[in-house]
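A.B. asks: Compute the structure for the input listed below.
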Amino acid sequence: MNSTVGKWLGWIGIVVGAVGFFWLHIWMAIIAVIAGIVGLFSPQKLLNGIAVAAGAIALIIGLV
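C.D. replies: From the prediction side, this is the model:
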């Protein structure tokens, strides 16, 4: 996977995770975590790690 795809997956994961803080917590969190994990196979590790973290936080908010 190239760097551009990794950037897009990271940014999409971050945006979906941020939306998951406010709306459809569990579904948006799952999408953000999946996008971040897939993006971790690219050189953009930090950006996709943030996407995974945003999804995990949204998931925790949804479960509480």
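A.B. asks: Every contact and neighbour count from this point should use C-alpha atoms.
C.D. replies: OK.
A.B. asks: packing partners for the helix or strand where Ala51 lies?
C.D. replies: According to DSSP states H and E, Ala51 maps onto helix 45-63. For helix 45-63, the elements it packs on are helix 3-20, helix 25-39, judged by 3 or more Cα pairs under 8 Å, 6 or more residues apart in numbering; DSSP states H and E.
A.B. asks: For the longest one, give me every contacting residue.
C.D. replies: Here helix 3-20 makes contact (Cα atoms under 8 Å, 6 or more residues apart in numbering) with 26-29, 31-36, 38-44, 47-52, 54-55, 58-59.
A.B. asks: Repeat that for the shortest one.
C.D. replies: Residues from elsewhere that reach helix 25-39, judged by Cα under 8 Å, 6+ apart: 5-7, 9-10, 12-14, 16-17, 19-20, 45, 48-59, 61-63.
A.B. asks: Is it possible to mark the buried ones in those residues?
C.D. replies: The neighbour-count test (16 or more other Cα atoms under 10 Å) marks 6-7, 9-10, 12-14, 16-17, 19-20, 45, 48-59, 62 as buried among the contacts of helix 25-39.
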